[in-house]
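Chemist: Below: sequence and its predicted model.
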Amino acid sequence: MNFQSTRGRTPPTAIDAALSAGLAPDGGLYVPERFATLAQPLDTDSLADTAHAVLAPYFEHSALEPDLAEICARAYSFDAPLRPLAQADDWLLELFHGPTAAFKDYAARFLAEALAGLKAPSEAATTILVATSGDTGAAVAAAFHRRPGFEVVILYPDGRVSPRQAHGLGCWGDNVRALRVDGDFDACQRLAKQALSDERLRALRPLSSANSISLGRLLPQAAYYAHAASRHYAQRGEPLNFIVPTGNLGNACAAFVARRMGLPIGELRLATNANDTLPRYFGGADYAAQPTRATLANAMDVGAPSNFERLRHWHRDDAQLRAAIRADGVDDATIVDTIRAAPQRHGIVPCPHTATGLHVLETLRAQGDERPWAVVATAHPAKFDSIVEPLIGHAVEPPPALAESLARPASAEPMAADYAALRARLLA
């Protein structure tokens, strides 16, 4: 199968080249020429097996095809459990059991395995350039840390991530460098896209992306939706609906891919924070990127979601897209109320991002919706201890891998939100 750019000015591209490039030469995002169709539901034993079934059609004729099952086994070595919440037909898809306690771990590990498998030993080192609003950078750093032939440069908005997130970005050393940018996430994202589109720079220093703009992030994330929906359907005989907390739309696009592949997924609801670009659009307004606002759910502080370009590419017009997906915004005051009430109401302690999804679930139930809904838990609450712990009145124990990273020293270099400054750093 070939892949095309959302902007239509790049020739059809094989999967290996699309993975290595990250961004299409015309500045667009790679998407499959068609969606593969899978049996509904999948009959697989493990998340790794499901990932192999989901990804195999897209990797036909790839150099990675013979090793794809082993790559999936290494990348998806921890589960993505679907847990029941306190009320009937309320579910939580826990995606925080990886090394950096966030959903980005699954796809980052797959991408690292894939790019390593495509790289010849004699090739120059590839720099993985990643803009992060908090969690992507740590997941990419963990996946590529000390991996021969790769360097990682992380751009994150200074002062706009939680203290533990910032520590998780700067605690790696070796082949990983963190740059704290004087700007918001959208500024970081613009810098990364400029570098990836700079042909003269790429001729001097091989670059690739591990952001959600990368095809190697999009496709692997469809696996946990396929796995959860298939298991639920096998047990209950009805599709599972998902509420996806989102900022840059990568995780939401992955859920859409899984649904288009024929998996038993019902409605998709997006939960955003006060950055309401998507709720405005899905509510009927023209699409217009907004200035980013700092919120408690900082990993979703995105005013210009890159993956919206993919959603538009996959739909005939705005009316069809609005009929396929809905979005709801949740402000900080509501996030606070939801976290405070969650232990008694839902039986869990959520991170601020997961709390946006829980609020959307509560709204649906209040409106009389009785269908099965799964809220996607995107990160462990211990990553946001300074927000969560005062609201619930007790400490949240970090999982072992997160505790280990917090015990290491961390540092990050300051940088202006200026492309000339980034280009000079990359060439230094």
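Modeler: Alright, I've got the coordinates.

Chemist: Number of residues surrounding the closest residue in space to residue 228 that isn't next to it in sequence?
Modeler: Of all residues beyond its chain neighbours, the one nearest residue 228 is residue 82 (4.5 Å), with distances taken as Cβ to Cβ, 6 or more residues apart in numbering. To be clear about C-beta, it is placed using only N, CA and C from the backbone, and glycine gets the same treatment. Per other Cβ atoms under 10 Å, the neighbour tally for residue 82 reads 18.

Chemist: Could you tell me the model confidence score at residue 82?
Modeler: Predicted confidence (pLDDT) at residue 82: the value is 98.

Chemist: same check, this time on residue 157
Modeler: pLDDT, residue 157: 94.

Chemist: Repeat that for residue 330.
Modeler: pLDDT, read off for residue 330, is 98.

Chemist: pretty sure it is touching residue 360, no?
Modeler: Yes: when contacts are counted by Cβ atoms under 8 Å, residue 330 is listed as touching residue 360 (7.1 Å).

Chemist: Compare those two and say which one has the larger neighbour count.
Modeler: The residue with more neighbours, out of residue 330 and residue 360, is residue 330; 28 against 25, by other Cβ under 10 Å.

Chemist: burial of the nearest residue to the more buried one once chain neighbours are set aside, as a residue count?
Modeler: Excluding the flanking residues, the one nearest residue 330 by Cβ to Cβ, 6+ apart is residue 356, at 4.1 Å. Residues near residue 356, counting by other Cβ under 10 Å, number 33.

Chemist: In stretch 256-270, which residues are buried?
Modeler: Under the neighbour-count criterion of 16 or more other Cβ atoms under 10 Å, stretch 256-270 has 256-265, 267-270 buried.

Chemist: swap that for stretch 179-186, please
Modeler: For stretch 179-186, the buried set under the neighbour-count rule, 16+ other Cβ under 10 Å, comprises 179, 180, 181, 183, 184, 185, 186.

Chemist: Please, where are all the strands along this structure?
Modeler: For the chain, the strands defined by DSSP state E cover 2-5, 13-14, 30-32, 82-84, 90-94, 126-131, 150-157, 176-182, 207-209, 240-245, 265-272, 325-329, 373-377, 413-416.

Chemist: rank those by pLDDT, which is bottom?
Modeler: strand 207-209 (a mean of 87).

Chemist: roughly how far is that one from the heart of the chain?
Modeler: From the chain centre to the centre of strand 207-209 is a distance of 17 Å (Cα atoms, centre = their mean, to the nearest Å).

Chemist: Which of the residues in that strand are classified as buried?
Modeler: Per 16+ other Cβ under 10 Å, strand 207-209 contains these buried residues: 207, 208, 209.

Chemist: With distance to residue 140 added, can I get those residues in TSV?
Modeler: Formatted as TSV, those follow (distance: Cβ to Cβ, whole Å):
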residue	distance to residue 140
207	14
208	11
209	10
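
Chemist: low-scoring pLDDT stretches of the stretch 101-250 of the chain, where are they?
Modeler: The stretch 101-250 of the chain contains no residues with pLDDT under 70.

Chemist: Spit out the contact partners of residue 167.
Modeler: 405, 406, 410 (Cβ atoms under 8 Å, 6 or more residues apart in numbering).

Chemist: rerun at 7 Å
Modeler: Taking Cβ atoms under 7 Å, 6 or more residues apart in numbering, we find residue 167 in contact with 406, 410.

Chemist: can you check residue 384 too?
Modeler: Going by Cβ under 7 Å, 6+ apart, residue 384 touches 162, 351, 352.

Chemist: per-residue pLDDT, it?
Modeler: If you check residue 384, the pLDDT there is 95.

Chemist: circling back to that earlier point, mutual contacts of residue 330 and residue 360, please.
Modeler: residue 271.

Chemist: Kindly check the end-to-end length of stretch 240-251 for me.
Modeler: 16 Å (Cα to Cα, to the nearest Å).

Chemist: same check, this time on stretch 118-138
Modeler: OK, stretch 118-138 end separation, Cα to Cα: 23 Å.

Chemist: buried sites along that stretch?
Modeler: Buried residues in stretch 118-138 (16+ other Cβ under 10 Å): 118-119, 126-138.

Chemist: Would you quantify the distance from the closest residue to residue 388 other than its chain neighbours to residue 355?
Modeler: Once flanking residues are discounted, residue 388 sits nearest to residue 381: 4.7 Å by Cβ to Cβ, 6+ apart. Look at residue 381 and residue 355: by Cβ to Cβ, to the nearest Å, they are 9 Å apart.

Chemist: Could you do residue 260 as well?
Modeler: Taking Cβ to Cβ, one finds residue 260 at 28 Å from residue 355.

Chemist: and the longest helix anywhere in the chain with strand 126-131, angle?
Modeler: Longest helix in the chain by number of residues (criterion: DSSP state H): helix 215-236. If you take axes from the mean of the first three to the mean of the last three Cα atoms, to 10 degrees, helix 215-236 sits at 70 degrees to strand 126-131.

Chemist: follow-up on the earlier one: among the buried residues of stretch 179-186, which one sits closest to residue 38?
Modeler: Among these, residue 185 lies closest to residue 38 (Cβ to Cβ), at 33.7 Å.

Chemist: which non-adjacent residue is nearest that closest one?
Modeler: Nearest non-adjacent residue to residue 185, counting by Cβ to Cβ, 6+ apart: residue 133, 4.1 Å away.

Chemist: just residue 336 next, same as before
Modeler: Going by Cβ to Cβ, 6+ apart, residue 336 has residue 391 as its nearest residue, at 6.3 Å.

Chemist: And residue 15, by the same measure?
Modeler: In space, residue 15 is closest to residue 62, 4.9 Å off (Cβ to Cβ, 6+ apart).

Chemist: go on, residue 270?
Modeler: Among residues not flanking residue 270 along the chain, residue 327 sits closest, at 3.9 Å (Cβ to Cβ, 6+ apart).

Chemist: Next: residue 373.
Modeler: Distances taken as Cβ to Cβ, 6+ apart place residue 241 nearest to residue 373, at 4.9 Å, with adjacent residues excluded.
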